[in-house]
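S.K.: Quick one: sequence plus predicted model below, questions after.
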Amino acid sequence: MDASPDFPRQSRVPVFNMPGVVTASIGLLFAIHAVRAFLLPDTWDIRVVLDLALVPARWTVWLDPTRAEAAIRAAGEAGDAAFAAAREAFARYVLTQHSANLWGFSTYALLHGSWLHVIFNSVWLAAFGSPVARRCGAWRYGLIGAAGTVAGGALHVAIDPLSTAPLVGASAGVSALMAAAARFVFQPPVSGYGTQPWQLPPHRPAETIPELLRNRTAVAFLAIWLATNLLFGLISLPLGAENAAVAWDAHLGGFVVGFLMFPFVDPRAREGR
């Protein structure tokens, strides 16, 4: 008599093995960009960007109206001198015709500068958002991403308060999810588990900061991430959007919040090792 347990038949591995909330997030980003690229007239698309993107100088001028002229002068001094007058005119229009919008600290993540921009963010979202969603569930995944988005926008405004360039892209939220995933995805496997398809490893809390510092893989990932963002900040490499440099400060703000926030929302934080 066969004493082996009657385990369920293994189903086929799906082509896209992502949690539904991650798939929905990526689908939403692509759908929004497709509508902007193929359906909206240029004037409507500009209106969408001005209404939903985050423009740091709007908040600076809202808090201190006397800095409006400084923001306009800064717009004319940045970039190619041949387009200084156009940038000054745009800055004057943005600061006089549009008020600061609180929702901009989150809605800027829904917009992207180009298809390359949205594809790049979606790849990283699939890679690092999926383990967070599987471990934490949909609402905690969304909470981490939203907190990172707001924190990234806030740090961007604090570091570049006179900028009239609209900030767009989901990178800050993705960076928060990357940082959250870094707290547990680089843990070494538990000895004795995983030799059989039905064996599941025990639930393990996220690594503490001292444990991460002893984990060479995690340290290498964090070092590469920080060095890459520092490089983007120093040389202002454009990514995806032809006229917008990588917002390294927004990435940093999202990453720090995701890294520090994760242990407080991790459902396995109170489970034994």
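M.R.: Received it, and whenever you're ready, just let me know what you need.

S.K.: And the contacts of the host helix or strand of residue 260?
M.R.: For residue 260, the host element (DSSP states H and E) is helix 248-265. Residues outside helix 248-265 that contact it (C-beta atoms under 8 Å, 6 or more residues apart in numbering): 136, 140, 143-144, 147-149, 151-156, 159-160, 167, 169, 171-180, 182-183, 205-206, 225, 229-230, 232-233, 269. C-beta coordinates here come from the backbone N, C-alpha and C atoms, glycine included.

S.K.: The same query, at a cut-off of 7 Å, please.
M.R.: For helix 248-265, contacts defined as C-beta atoms under 7 Å, 6 or more residues apart in numbering pick out 136, 140, 143-144, 147-149, 151-156, 159, 167, 171-173, 175-180, 183, 206, 229, 232-233, 269.

S.K.: Buried among these? Make that a ChimeraX selection.
M.R.: This is how ChimeraX selects the buried members of the contacts of helix 248-265, with burial counted by 16 or more other C-beta atoms under 10 Å:
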select :136,140,144,147,148,149,151,152,153,154,155,156,159,167,171,172,173,175,176,177,178,179,180,183,206,229,232,233
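
S.K.: sorry, back to before: buried residues of the helix holding residue 260, list them for me.
M.R.: Buried residues in helix 248-265, counted by 16+ other C-beta under 10 Å: 248-263, 265.

S.K.: can you check stretch 220-231 too?
M.R.: For stretch 220-231, a neighbour-count test (16+ other C-beta under 10 Å) marks 221-222, 225, 229 as buried.

S.K.: Of those residues, which is the nearest to residue 95?
M.R.: Among these, residue 229 lies closest to residue 95 (C-beta to C-beta), at 28.8 Å.

S.K.: Relative to residue 213, which of the buried residues of stretch 220-231 is nearest.
M.R.: residue 222 (9.2 Å).

S.K.: Now do the helix or strand in which the closest one is found against helix 248-265, angle only.
M.R.: According to DSSP H and E, residue 222 maps onto helix 216-235. Helix 216-235 and helix 248-265 are oriented at 150 degrees to each other (axes from the mean of the first three to the mean of the last three C-alpha atoms, to 10 degrees).

S.K.: Fine, thanks again, bye for now.
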